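K.L.:
Below is the structure, and that's it, no one-letter string:
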DNA sequence: CCACGATCTGACCGATCGGTCAGCACCTGA
DNA sequence: TCAGGTGCTGACCGATCGGTCAGATCGTGG
């Protein structure tokens, strides 16, 4: 074997994405990934420090996009924050639906690990923006429904074109969040 | 030890529910459950054929409730099906939010196993009712957002009283699904 | 021609998993 | 009193997990 192909790194990422989206992160072993790539498990661990490093590299672009959105929303309040949050989040969810689908089944659990704490924090701030900065528990329900629902729909409708899925989701989200508060 | 208490069966169920809802099904070992109960792993497997049997028994009431709802919706069409599906599903989700929360992180994966195929089928029929029996892909997006969103909200707002969470969710769901199609 | 770094392998590690099994302690009914 | 069933234990099983390590195999520059 031993081909002089340094593309192995990329191939591992692609194989891991496929496996993670089917059997989940915990449900996928390094052996599974190695088998799909056609190399040894040790080769996988030559390119990545450990299993979690593969996941981290896979979702890095999505995380940085989430951080960008969070920064843009930080200065907005009320309805302005809300509508910007809707379109921003939907656009982000549609663009990164592959990443969502490979995380969806284990995101709540992974989020509890300290390494993923930044995502947790940004998501809470996103919910805050979707709630129009309201602190009332009742006003927090709709944003959570929207967030989780949009993410699930993106994972499920992976084959739909962006320009069909996106506007439909914006419509649903806007309706769900109802008229501006007061 | 060896107390003459056949309540162990119940204690195991309660302990498993607590663990599953925190660390997930796959993330919880029989050892974990045994430790929480204060018995041996072998004792757990004396009361239950295997790990999956614990989960099955835990969610049995929720499944039968889902089947009842499915039967009731079967004869309805259009807007009648839709509004009945909304209130029925929300009521069910609120009532069984504990079960949802202990499954939420792994439901998509568990559903792919043949043993959970009935749930899968009923859920699809529920989505069908929520879509007002429409076959258009675009009309399927909102129901999925609502279903996943409501489930996530129920898992998240476990401490809210039923009569506060339920109506709020019905409102959000009705809004999200928009006006009756034609 | 040879030394070297990059790439990769197979063998191996300790830990943990779900599950089995022989047998012990206890209660109950004959 | 004792046979038998219930509830449970600790020891153990094979499999698999994530991860390590010494060394084989290559292409390449000196």
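P.N.:
Received it, and whenever you're ready, just let me know what you need. Computed from a predicted model, the values in this text were never measured in an experiment. Numbering: from 1, shown residues only, chains lettered A, B, ... in the order given.

K.L.:
who's in contact with the residue most central in space within chain A?
P.N.:
Residue closest to the average C-alpha location in chain A (Cα atoms, centre = their mean): residue A:100, at 4.0 Å. Applying Cβ atoms under 8 Å, 6 or more residues apart in numbering or on different chains, one finds that residue A:100 lies in contact with A:62, A:93, A:151, A:154, A:155. Heads up, the C-betas are built off the backbone N, CA and C, glycines and all.

K.L.:
Could you check which helix or strand contains the third one?
P.N.:
The one in question is residue A:151. If you go by DSSP states H and E, residue A:151 is part of helix A:137-156.

K.L.:
That helix packs against which elements?
P.N.:
The contact analysis (3 or more Cβ pairs under 8 Å, 6 or more residues apart in numbering or on different chains; DSSP states H and E) places helix A:137-156 against helix A:78-95, helix A:97-103, helix A:117-130, helix A:162-177, helix B:137-156, helix B:162-177.

K.L.:
Okay, buried residues for the longest helix along chain A please.
P.N.:
Ordering each helix of chain A by length in residues (DSSP state H) puts helix A:51-74 first. Within helix A:51-74, the residues that count as buried by 16 or more other Cβ atoms under 10 Å in any protein chain shown are A:51, A:54, A:55, A:58, A:59, A:62, A:63, A:65, A:66, A:69, A:70, A:73.

K.L.:
Also stretch A:159-169?
P.N.:
By neighbour count, with 16+ other Cβ under 10 Å as the criterion, the buried positions of stretch A:159-169 are A:160, A:165, A:166, A:168, A:169.

K.L.:
Below-threshold pLDDT in chain A: ranges please.
P.N.:
Under the criterion of pLDDT under 70, the regions of chain A flagged as low confidence span A:1-6, A:104-105, A:108, A:179-182.

K.L.:
burial of residue A:79, as a residue count?
P.N.:
13 (other Cβ atoms under 10 Å in any protein chain shown).

K.L.:
Surely it and residue A:133 touch.
P.N.:
No: assessed by Cβ atoms under 8 Å, residue A:79 is found out of contact with residue A:133, at 9.8 Å.

K.L.:
hmm, back to that, redo the buried residues of stretch A:159-169 as JSON lines? Include distance to DNA strand C.
P.N.:
Supplementary listing: these in JSON lines, determined by distance: Cβ to the nearest atom of the strand, whole Å:
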{"residue": "A:160", "distance to DNA strand C": "36"}
{"residue": "A:165", "distance to DNA strand C": "37"}
{"residue": "A:166", "distance to DNA strand C": "38"}
{"residue": "A:168", "distance to DNA strand C": "40"}
{"residue": "A:169", "distance to DNA strand C": "37"}
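
K.L.:
how deep is residue A:147 tucked in, by neighbour count?
P.N.:
23.

K.L.:
ugh, wrong one, residue A:48
P.N.:
As a burial measure, the neighbour count of residue A:48 was computed by other Cβ under 10 Å and equals 20.

K.L.:
What backbone torsions are found at it?
P.N.:
With angles defined as degrees, to the nearest 10, residue A:48 sits at phi -130, psi 140.

K.L.:
Let me see the contact set for the nearest residue to it once chain neighbours are set aside.
P.N.:
The shortest distance from residue A:48 to any non-neighbouring residue, by Cβ to Cβ, 6 or more residues apart in numbering or on different chains, is to residue A:54 (5.0 Å). Applying Cβ under 8 Å, 6+ apart, one finds that residue A:54 lies in contact with A:12, A:13, A:16, A:33, A:44, A:48.
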